[in-house]
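Asker: How does the following fold in three dimensions:
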Amino acid sequence: MAKKVLFALFTIAFGAFAGAFAWGFFFLMNTGIALLWEAAPNALAAQGLPAVFYPLVFCTIGGVVIGLFAKKFGPYPADMNTVMASVKQTGRYEYDHMGASFFGALLPLLFGGSIGPEAGMTGVIAGLCTWVGDRLRFVGAEMRELAEASCAAVIAAIFATPLFGLMVPAVGAADDSDGPRRISEVRLDVAKPLKIAAYVLAVAGALGAMALLGHWFGAGGGLPHFSEIAFGAAELAWALPLMAVGTMAGWLYFPAGAAARALATRLGNRPIAKAVTAGVLLGAVGTALPFALFAGEAQTEQLALIWTTIGAGVLLATGFAKVIVTQFCLNLGWRGGHFFPLIFAGIALGYGLATLTGIDSVFALCAVTGALMGAVMRQPLMTAVLLFLVFPLAGAPVLLVAAALGSLVPVPHRWLGK
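Answerer: Numbers count the residues shown, from 1 in each chain. The predicted structure is shown next:
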């Protein structure tokens, strides 16, 4: 009994630490972006230097920095699915490169990378839990569950979706975007009371820490939540065309990835050349379409305020461009996740189509983003659960139908990322 109580306390503590870590990472990222992308261009403009090409110059510099980092420390962080697969299979994640994972995740975000922050945070938390477990063997076999429970906590904190955080460690992967995986089958022992309690306690600790820090110091990060959605005859009439556009954008993710990997192969074992190439492409696109830069959480809030002042063509171009640029970032050394930027891509496309059709904007966002993420993730239920972080529960029927339709579109095996 004492072991179980001690394990419960450790689980809550590590869940709270995971939430605090996620908040701190978002805070550091947002502070750095504000300094590098607002204060610095404003200072240049005050000196009479035009900042119109700032994205191209700064992203190219970022490519040099990221390439040098990768050359010295290696390809860190690992993506979230890789981390979860290791934790699921072995109950641990090696912790000898936690610092490289942290800074390897932060650097591309500071330089405007169209990637998400989840990869580095998941790896660091899993590694730290493994490190603690190795030093607390007296607690017993229960410590094996601590890494999975803490991964559930940090995923829930990153995406602000408790159910998604609970499901990913149980399934062993967040999606099947790089092809079906045997590890994604739910293990029969996930219903054990100890495991369920550990997951719930860890997620509760994480969300509690995020809420407290957000209340005291301001929100650390995450995508905004749309609270209302309208269903009418016009919305239902446009539902399938909207989902078709979202599916097309999600399908585009795969040939874009194949092209990016082919380019990476051609560049060979030259991490600086790869990262600089990604930086030049990102900067060039970002100069023409500024919303194609960054992970997308802060940009979603900005876009929600001004989308009616932006032309439909620009919004649609932003959505499709972001899908492509995300793949080139990920495959050319700007390491991170794909969830945040792809959700933003769906939102940009949804706003563009809402402008063209005149229907309820949140319905358009829900239908397009659900189809896009369904086409990429290949798991409709996981897609819907993830997107509850952005859309209201009333949009569940739209999300589920859109995600299911998107996931049905076939993708050639040679385009998958394995």
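Asker: only C-alpha atoms for contact and neighbour calcs from this point on.
Answerer: OK.
Asker: So which residue is smack in the middle of the protein?
Answerer: F339 (3.3 Å; C-alpha atoms, centre = their mean).
Asker: Packing partners of whichever strand or helix holds K88?
Answerer: Using DSSP states H and E, K88 falls within helix 80-90. Applying 3 or more C-alpha pairs under 8 Å, 6 or more residues apart in numbering; DSSP states H and E, we find helix 80-90 packed against helix 118-135, helix 144-159, helix 162-171.
Asker: Quick one: the helices in the stretch 301-418 of the chain, in order.
Answerer: For the stretch 301-418 of the chain, helices defined by DSSP state H, counting those that start in this stretch occupy the ranges 312-331, 339-357, 361-377, 380-387, 396-408.
Asker: Any chance of those in a markdown table with mean pLDDT as columns?
Answerer: Shown next, in a markdown table, are the helices of the stretch 301-418 of the chain (pLDDT from 0 to 100):
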| stretch | mean pLDDT |
| --- | --- |
| helix 312-331 | 96 |
| helix 339-357 | 96 |
| helix 361-377 | 96 |
| helix 380-387 | 88 |
| helix 396-408 | 94 |
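Asker: Now these in JSON lines, please, with extra columns for distance to L252.
Answerer: Formatted as JSON lines, these follow (distance: least, C-alpha to C-alpha, whole Å):
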{"stretch": "helix 312-331", "distance to L252": "7"}
{"stretch": "helix 339-357", "distance to L252": "11"}
{"stretch": "helix 361-377", "distance to L252": "9"}
{"stretch": "helix 380-387", "distance to L252": "17"}
{"stretch": "helix 396-408", "distance to L252": "12"}
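Asker: gap between S101 and T122?
Answerer: Per C-alpha to C-alpha, to the nearest Å, S101 is found 9 Å from T122.
Asker: now V323
Answerer: As defined by C-alpha to C-alpha, V323 lies at a distance of 23 Å from T122.
Asker: tell me the average confidence for stretch 45-65?
Answerer: Across stretch 45-65, pLDDT averages out at 87.
Asker: what's the next secondary structure element after the helix-or-strand element of the chain with minimal mean pLDDT?
Answerer: Taking mean pLDDT, DSSP states H and E as the measure, the chain has helix 162-171 as its least confident helix or strand, at a mean of 66. The C-terminal neighbour of helix 162-171 among helices and strands, as given by DSSP H and E, is helix 193-217.
Asker: Show me what that following helix is packed up against.
Answerer: helix 2-34, helix 144-159, helix 162-171.
Asker: Can you name every helix or strand that the longest one contacts?
Answerer: I take that to be helix 2-34. If contacts are counted by 3+ C-alpha pairs under 8 Å, 6+ apart, helix 2-34 sits against helix 98-110, helix 118-135, helix 144-159, helix 193-217.
Asker: and those helices, which one is worst for confidence?
Answerer: helix 144-159 - the lowest mean pLDDT of these, at a mean of 70.
Asker: and the angle for the top helix by length along the chain with helix 396-408?
Answerer: Criterion DSSP state H: the longest helix present in the chain is helix 233-267. Relative orientation of helix 233-267 versus helix 396-408 (axes from the mean of the first three to the mean of the last three C-alpha atoms, to 10 degrees): 40 degrees.
Asker: Give me the mean pLDDT for helix 233-267.
Answerer: 96.
Asker: That helix relative to helix 312-331, how many degrees between them?
Answerer: Going by the same axes, to 10 degrees, helix 233-267 makes 40 degrees with helix 312-331.
Asker: I'd like to know which elements helix 233-267 is packed against.
Answerer: Looks like helix 233-267 contacts helix 271-288, helix 312-331, helix 339-357, helix 361-377, helix 396-408 (3+ C-alpha pairs under 8 Å, 6+ apart).
Asker: out of these, deepest packed?
Answerer: Of the helices and strands packed on helix 233-267, the one with the most neighbours on average (mean count of other C-alpha atoms under 10 Å) is helix 361-377, at a mean of 32.
Asker: How far off centre is that one?
Answerer: 15 Å (C-alpha atoms, centre = their mean, to the nearest Å).
Asker: Which neighbouring elements make contact with it?
Answerer: helix 233-267, helix 339-357, helix 380-387, helix 396-408.
Asker: what is the orientation angle of it with helix 233-267?
Answerer: 40 degrees.
Asker: If I take helix 361-377 and helix 339-357, what angle do their directions form?
Answerer: Going by the same axes, to 10 degrees, helix 361-377 makes 140 degrees with helix 339-357.
Asker: Export only the CA atoms of helix 361-377, formatted as PDB.
Answerer: Output of helix 361-377 as PDB, limited to C-alpha atoms (Å, rounded to 0.1, in the frame of the first residue of the first chain):
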ATOM      1  CA  SER A 361     -16.800  30.400 -40.400                       C
ATOM      2  CA  VAL A 362     -16.400  27.900 -37.500                       C
ATOM      3  CA  PHE A 363     -18.300  25.300 -39.500                       C
ATOM      4  CA  ALA A 364     -16.000  25.800 -42.400                       C
ATOM      5  CA  LEU A 365     -12.900  25.600 -40.100                       C
ATOM      6  CA  CYS A 366     -14.200  22.400 -38.500                       C
ATOM      7  CA  ALA A 367     -15.000  20.600 -41.800                       C
ATOM      8  CA  VAL A 368     -11.800  21.600 -43.500                       C
ATOM      9  CA  THR A 369      -9.400  21.000 -40.600                       C
ATOM     10  CA  GLY A 370     -11.100  17.700 -39.700                       C
ATOM     11  CA  ALA A 371     -10.700  16.400 -43.200                       C
ATOM     12  CA  LEU A 372      -7.100  17.700 -43.500                       C
ATOM     13  CA  MET A 373      -6.000  16.200 -40.200                       C
ATOM     14  CA  GLY A 374      -7.900  13.000 -40.900                       C
ATOM     15  CA  ALA A 375      -6.100  12.600 -44.200                       C
ATOM     16  CA  VAL A 376      -2.700  13.100 -42.400                       C
ATOM     17  CA  MET A 377      -3.300  11.200 -39.200                       C
END
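Asker: that older thread, so the residue nearest to the centre of the chain touches A119, yeah?
Answerer: No: taking contacts as C-alpha atoms under 8 Å, F339 lies outside contact range of A119: 10.2 Å.
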